Structures are given as C-alpha cells and as structure tokens.
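Q: for reference, the sequence and a predicted model appear below.
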Amino acid sequence: MNANYTLIILFIAACLDYLIGDPWSWPHPVNILGWIITHYTKQIFKLTKPDRDNSGVFILRLAGILLAIALVFGNGIISWLIIQALRINFVQFPLLTVITESILLASCFAGKSLSMAAKEVLQLVRSDNLIQARQKLSMYVGRDTENLSRPEIFRAIFETVTENATDGVIAPLFYALLGAIIPGLGSVPLAFAYKAASTLDSMVGYKEAPYTDIGWFSAKLEDVLTWLPCRLNVLTIALLSGKPLYVWRICQRDAVKDPSPNAGWSECAYAATLGVQVGGTNLYHGVVKHKPLLGDPIYPITPEIIDRALQLTRYCFLIWLGLFFICYIVSGSMGIV
C-alpha cells in the first residue's frame, strides 16, 4: 500500500472517532480483551487460592507475564492478519478494506468516548441531579463517589479526562503513527497491541489485592509503553499553553511526587496550563488515600475548565496527526517512504 492509503486510513479513523466514537451498542475489541482477562484471572486465582506462599506468588507473577505477553502480541498479530487478509482482496473489495481498517483503527482512539463520558456527568450536575451524577461517575473512576460534593465531582472528572488523555487518546495515536512508518506493519497492529497493554493495566494493573502479583508485569509494561508518548504530550500541552517553561517547571515540581510515572505528568500538565490543582484525599472501597497535589489552585475546577481540558486533548491529537501528514507527504515526495 502506498503513502496515500496510509494517510487516508488515519484521516478516516480520526474522523470516525471525532464524529461517532464507540457506540455502546457496537461490539468493541476491548470487550473481548476484558472477557479474556476476567476469565483467565478467575481461573488462576482458583488454582493458587490454597497456596499463597512464595510458590503461589511465583505462579501468579508468571501467569501475569504470560497473560500480558499473549494478549499484547496476540492482539497485534491477529489484527495484522486481519489487515493482510483484507488487503489481499483490496482490488475486489476496496471500499470494504478501507472502511474495515479505518474502523479498527478508530476503535483504538477514545477521544469521543472520553468527552461524552465527561459531558454526561457534567449535564447531570448542571441539572442539580447529584445522585445520578455520582452514579454515572462511578462508571468511569475507581474512587468511591457516593458522597462526593459538586467540587469533588468536578475534580474527579478533570482527573480522569486528563489522565486518560494520554493512555486513551495520545498514546494509541503515537503507536498508530509509529506503525505507519514501519514497512509491512501498518497503524492498526501496533495501536491494537498498545490497546491490549492499556486494557490489562486498567483491569489488573492494581497495587491492591488480589491483583498485586498477577498484575505487576502489566502495570510495568504499560508504564514503559506510555512513558514516551506521555512526555511528548506534556511538551505539546506546554507549548499550547503559551508558557512552556512554567508548565514544565510545575510538572518537575509536582508530577514526580505521583506514584505513577505517567498519570501524574499528564494530569499536572493540564492542571498547570489551566491554573487548577488536582489530587488530595480520595476514598477507595472505604479506604482513605492521599494523592499528591499537582498544580497551583489559581482557579477552581469548573465545567468550563473541563471543556478546555478536553479541547486541549483534541488540539494535541490534531497537531500530532497534522505534523505526521506533513512529514509523510514531504518524505514521500523525496522518495524516502
């Protein structure tokens, strides 16, 4: 396939995510991954339940490594085989090939879904329906939401949209663009492989029991894969802020305090750019946990601030995509690709 085909797939996938996102009624690859992860971990926990000594820990960690490797590589390889099968029949079914490949790639981007989730909760808060707002919010965040005040709901929304901006939007785009320039690979397989790593981290990559051992490798793997796109996204946000040195300084001051090597940087970049502060005390299954404070509380977190955060993510996405298009077209005209 030539450069024009690659750009067309990327463009259509970006448009599909922006206009449609992931409709709840549609089948999604993440649902399949979730089913596999859930059933696999249940079986492993049954096998190791009587034995939680050193040998049990070893089995759990080994099982976690096997799960991560199988899903990440399997997701990438299966998607690559699907794309190859489609492209073999491209001459007979060109439209089907383009549409299918574009849909598969679009399913890796969560920009629209992230925006819709935030706006659903915000709409309930605006209508003073805090009970439903808390219930809806509990679908998207890990903390207890039953007693959150209005400002705490806004903070929870802001934190989830700024953390997931990296692993749900920018990092999949990064790997899609990387795959596009690797001969014989393409955007979809690498984006699918990263999506598997991200899904694993969100489901089993917890430090709490019972996922402490089976999920440690998935958590580390996602941290490594997200590190570079996270830093590139922070730099992009800093440049868009118009005060890059200030944003970078705040991130170096606060983000390093967060136990996550990526979530803290992502949240802090948005917080510093928009002049708000995130972090503080949260409840997780009734247990109080204190997250480090990121950014300075110049302004309160409001729906308008959240909208601006979502807009920043869209701008970063478009900038990365636009720069790639320009570089790809220029390099193609010079005969490099």
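A: Yep, that arrived.
Q: helix/strand/coil for residue 298?
A: coil (DSSP: H, G, I helix; E, B strand; the rest coil).
Q: quick check: the gap between it and residue 273.
A: Separation of residue 298 from residue 273 (Cβ to Cβ, to the nearest Å) stands at 11 Å. Using the backbone N, CA and C atoms, a C-beta is placed for each residue, glycine as well.
Q: who has more neighbours, the two?
A: Using other Cβ atoms under 10 Å, the more surrounded residue of residue 298 and residue 273 is residue 273, with 24 against 11.
Q: who are the contact partners of that one?
A: By Cβ atoms under 8 Å, 6 or more residues apart in numbering, residue 273 lies in contact with 237, 238, 240, 241, 243, 247, 312.
Q: which among these count as buried?
A: 237, 238, 240, 241, 247, 312 (16 or more other Cβ atoms under 10 Å).
Q: so which of the residues you listed sit within strands?
A: Per DSSP state E, strands hold no members of these.
Q: so can I have a markdown table of those residues showing distance to residue 126 and pLDDT?
A: Below are those laid out as a markdown table (distance: Cβ to Cβ, whole Å; pLDDT from 0 to 100):
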| residue | distance to residue 126 | pLDDT |
| --- | --- | --- |
| 237 | 27 | 98 |
| 238 | 31 | 97 |
| 240 | 27 | 97 |
| 241 | 27 | 96 |
| 247 | 29 | 97 |
| 312 | 21 | 97 |
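Q: turn the residues you listed into a markdown table, columns for distance to residue 231.
A: Converted to a markdown table, the buried ones among the contacts of residue 273 look like this (distance: Cβ to Cβ, whole Å):
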| residue | distance to residue 231 |
| --- | --- |
| 237 | 11 |
| 238 | 10 |
| 240 | 15 |
| 241 | 15 |
| 247 | 13 |
| 312 | 16 |
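Q: which residues does residue 132 contact?
A: So residue 132 contacts residue 124 (Cβ under 8 Å, 6+ apart).
Q: buried residues, the helix or strand harbouring it. List them.
A: For residue 132, the element it lies in under DSSP states H and E is helix 130-137. Neighbour counts over helix 130-137 (16+ other Cβ under 10 Å) mark 133, 134, 136, 137 as buried.
Q: so the third one sits against residue 119, correct?
A: If I follow you right, that is residue 136. No - if you go by Cβ atoms under 8 Å, residue 136 and residue 119 don't touch, sitting 10.7 Å apart.
Q: quick check on residue 107: phi, psi?
A: For residue 107, the backbone dihedrals are phi -70, psi -20 (criterion: degrees, to the nearest 10).
Q: repeat for residue 140
A: Dihedral angles for residue 140 - degrees, to the nearest 10 - are phi -120, psi -10.
Q: which pLDDT value does the model give it?
A: Per-residue pLDDT puts residue 140 at 91.
Q: show me where this protein has strands.
A: Assigned by DSSP E, the strands in the chain fall at 278-284, 287-294.
Q: among the ones you listed, which is nearest residue 161?
A: Nearest to residue 161 among the strands of the chain is strand 278-284 (10.9 Å), distances taken as Cβ to Cβ.
Q: partner strands of the closest one and their direction?
A: Sheet partners assigned to strand 278-284 using DSSP bridges are listed as strand 287-294 (antiparallel).
Q: pull the CA atoms of the partner strand into PDB?
A: Output in PDB follows, covering the C-alpha atoms of strand 287-294 (Å, rounded to 0.1, in the frame of the first residue of the first chain):
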ATOM      1  CA  VAL A 287     -10.100   3.300  52.400                       C
ATOM      2  CA  VAL A 288      -8.700   6.800  52.600                       C
ATOM      3  CA  LYS A 289      -5.800   7.500  50.200                       C
ATOM      4  CA  HIS A 290      -4.000  10.800  49.800                       C
ATOM      5  CA  LYS A 291      -2.800  11.700  46.300                       C
ATOM      6  CA  PRO A 292      -0.100  14.400  45.900                       C
ATOM      7  CA  LEU A 293      -1.300  17.800  45.000                       C
ATOM      8  CA  LEU A 294      -0.500  18.800  41.400                       C
END
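Q: name the residues of it that are buried.
A: Those would be 291, 294, for strand 287-294 by 16+ other Cβ under 10 Å.
Q: tell me the mean pLDDT over that strand?
A: The model assigns strand 287-294 a mean pLDDT of 93.
Q: how far away from the center of its chain is it?
A: For strand 287-294, the gap between its own C-alpha mean and the chain's C-alpha mean amounts to 22 Å (Cα atoms, centre = their mean, to the nearest Å).
Q: can you check stretch 141-158 too?
A: 20 Å.
Q: same thing with stretch 277-296?
A: How far stretch 277-296 lies from its chain's middle: 21 Å, per Cα atoms, centre = their mean.
Q: same deal with stretch 315-324?
A: Taking Cα atoms, centre = their mean, the mean C-alpha location of stretch 315-324 is offset from the chain mean by 17 Å.
Q: next, give me the two most distant ones among the buried residues of helix 130-137.
A: For the buried residues of helix 130-137, the farthest-apart pair by Cβ to Cβ is 134 and 136; their separation is 7.4 Å.
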